[in-house]
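Visitor: Dropping the sequence and predicted coords here.
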Amino acid sequence: MMNNTVGKTERVYGDLKQIIDGLPAKNKTAKYYGKDALSLIDIMIRRLSDE
């Protein structure tokens, strides 16, 4: 069950990373907060993986 959750969270991470990478460079605010969101998801993945 937990592996399924980790897998889904990793897919969300990948999708969000593609969106952020596709943003224009001039959209610094969205990129900044997007990277914060990626950091949060990365922490969630690591904690779920440890359980």
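Guide: That came through, no problem. It should be emphasised that the depicted structure is a prediction, and the values quoted were computed from it without experimental measurement.

Visitor: burial count for Arg46?
Guide: By other C-beta atoms under 10 Å, 10 other residues sit near Arg46. Backbone N, C-alpha and C define where each C-beta goes, glycine included.

Visitor: Which element, helix or strand, includes Phe44?
Guide: Not Phe; residue 44 is Met. Secondary-structure assignment from DSSP states H and E places Met44 in helix 28-50.

Visitor: Ala30 - how many residues pack around it?
Guide: The number of residues packed near Ala30 is 13, by other C-beta under 10 Å.

Visitor: Find the nearest non-adjacent residue to it, please.
Guide: In space, and not counting its chain neighbours, Ala30 is closest to Leu23: 5.4 Å by C-beta to C-beta, 6 or more residues apart in numbering.

Visitor: per-residue confidence at the one you found?
Guide: On pLDDT, Leu23 comes in at 90.

Visitor: quick one: it and Lys31 touch, right?
Guide: Yes. Using C-beta atoms under 8 Å, Leu23 makes contact with Lys31 at a distance of 5.5 Å.
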